[in-house]
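> sequence below, structure please.
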Amino acid sequence: MTEMMLIEYRRLRAKLDGAWVSVLLVLGLIAALDPAQLGDSVVFAGRAYLGTLPFIVFAVCAIGYLKASGAEVVLARAFEGREARMIVMAALLGGLSPFCSCEVIPFIAALLAVGAPLSAVMAFWLASPLMDPAMFTITAGTLGMEFAVGKAIAAIGLGLFGGAVVMALKGSVVFADPLRQRPAIGGCCGVKQPFQGKPVWRVWTDADRRATFRETAFENLLFLTKWLVLAYVLETVMLEYVPAEWIAGVLGGTGPGPIVLGALVGAPAYLNGYAAVPLVGALLDQGMAPGAAMSFIIAGGVSCIPAAVAVWALVKPRVFMAYLGLAILGAMIAGGLWGLWAPTVAQGTVLPL
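Numbering: from 1, shown residues only. Below you'll find the model as predicted:
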């Protein structure tokens, strides 16, 4: 009887998905320890997911179409050759595109699925969560135009830095075989490739290709949904239970030390870009060094919870640790340069939204 129960337990464990189990555990803890917060946490996570859903739908449909048509082979060729140029374009696109850290994840999954080089993906990955038009406007209104321009330059620079490092070390064991489940150029969930050779663009005329589109899109939708839902649930916990006053107290002070401390504290404590702007403004008002503010906002932007959880889901731990290491090191460099160029940052007024 004991052996039978052990077998059944192993079968059940194999069927359970770690991401969904984690979501239930976190919500269960909230319900047990702070029942009044449970409804707000669920609503927050639901609204955040619905806000990202159009980007997810577009991404999974694109992956499904690429898979069904066999176009991944053609697109993969577009990512061959001039890797340095791809890194530059990826950093510029990431630093200027209107995608937040959450919305960019489906597109990263699509890039990895079609075989883009990890160096270009890393450049886009590092730059994209840091700046978009709305973020630039809010940052300029709260922290000043100089700080907003500096952050935009730092975002592009971080992408170039990360992409160049990955390109230089792509033959190392750290970046070899980076995906958790390596797709056959098909999808981030490891869907096998049924079609080879010349693409067939009219996928709706072939029953097998229509079935491939449905299967690939659905599997990618489930994959992205489970990790983003977990990310938003964790984010609501951070927003509710990690006091901003504690972060402000740790990062107070001036001198070269706060630049390093800002990056080290910003990476694990960061919530989201829009919430960080008023927090950084308060820190600067309290005498925080401008360089520390820049290192905090850069390190945290790249490692914010929704982006970090989804990155963890897509790549192996060693690549994830390299991602965090590049973010923190790049944030320290950006903070040091900003501290030298702008020893004081004039505070702007908050723009009416």
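
> these two touch, right, residue 136 and residue 155?
No. Using C-beta atoms under 8 Å, residue 136 is not in contact with residue 155; the gap is 10.0 Å. C-betas here are computed from N, CA, C, even on glycine.

> of these two, which one has the most company?
Of the pair residue 136 and residue 155, residue 155 is the one with more neighbours under other C-beta atoms under 10 Å, namely 29 against 17.

> and the helix or strand where the more buried one lies, C-alpha only, in CSV?
Element membership for residue 155, per DSSP states H and E: helix 145-168. The C-alpha coordinates for helix 145-168 follow below in CSV (Å, rounded to 0.1, in the frame of the first residue of the first chain):
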residue,chain,number,x,y,z
MET,A,145,14.8,66.2,-18.4
GLU,A,146,18.6,65.6,-17.7
PHE,A,147,17.9,62.5,-15.7
ALA,A,148,15.4,61.2,-18.3
VAL,A,149,17.9,61.6,-21.1
GLY,A,150,20.6,60.1,-19.0
LYS,A,151,18.5,57.1,-18.3
ALA,A,152,17.6,56.6,-21.9
ILE,A,153,21.3,56.7,-22.9
ALA,A,154,22.1,54.3,-20.1
ALA,A,155,19.4,51.9,-21.3
ILE,A,156,20.9,51.8,-24.8
GLY,A,157,24.4,51.7,-23.4
LEU,A,158,23.5,48.7,-21.2
GLY,A,159,22.1,46.9,-24.1
LEU,A,160,25.2,47.4,-26.2
PHE,A,161,27.4,46.4,-23.2
GLY,A,162,25.5,43.2,-22.5
GLY,A,163,25.3,42.2,-26.1
ALA,A,164,29.0,42.8,-26.7
VAL,A,165,29.9,40.7,-23.6
VAL,A,166,27.7,37.8,-24.7
MET,A,167,29.1,38.0,-28.3
ALA,A,168,32.6,37.9,-27.0
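
> what about residue 223, helix or strand, and which?
Using DSSP H and E, the element containing residue 223 is helix 207-241.

> who's in contact with residue 177?
Neighbouring residues of residue 177 by C-beta atoms under 8 Å, 6 or more residues apart in numbering: residue 316.

> helix, strand or coil for it?
Judged by DSSP: H, G, I helix; E, B strand; the rest coil, the three-state class of residue 177 is coil.

> shift numbering so it begins at 7
Sure thing, new numbering starts at 7, so read that last one as residue 183.

> distance check, it against residue 264.
Distance, residue 183 to residue 264, by C-beta to C-beta, to the nearest Å: 39 Å.

> ok, back up a step: on contacts alone, who are the packing partners of the helix holding residue 161?
Judged by 3 or more C-beta pairs under 8 Å, 6 or more residues apart in numbering; DSSP states H and E, the packing partners of helix 151-174 are helix 89-102, helix 124-133, helix 139-149, helix 296-308, helix 323-347.

> tell me which of the ones you listed is the most buried.
helix 296-308 (a mean of 30; mean count of other C-beta atoms under 10 Å).

> now for that one, which elements pack on it?
Helix 296-308 packs on helix 151-174, helix 263-275, helix 279-291, helix 323-347, going by 3+ C-beta pairs under 8 Å, 6+ apart.

> format those helices as JSON lines; extra columns: distance to residue 41 and mean pLDDT.
Below are those laid out as JSON lines (distance: least, C-beta to C-beta, whole Å; pLDDT from 0 to 100):
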{"stretch": "helix 151-174", "distance to residue 41": "39", "mean pLDDT": "93"}
{"stretch": "helix 263-275", "distance to residue 41": "26", "mean pLDDT": "73"}
{"stretch": "helix 279-291", "distance to residue 41": "25", "mean pLDDT": "69"}
{"stretch": "helix 323-347", "distance to residue 41": "34", "mean pLDDT": "90"}
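
> right, and those - which one's nearest residue 31?
In terms of C-beta to C-beta, the element of those nearest to residue 31 is helix 263-275, at 20.1 Å.

> any buried residues in the helix holding residue 229, and which?
For helix 213-247, a neighbour-count test (16 or more other C-beta atoms under 10 Å) marks 215, 218-219, 221-223, 225-227, 229-245 as buried.
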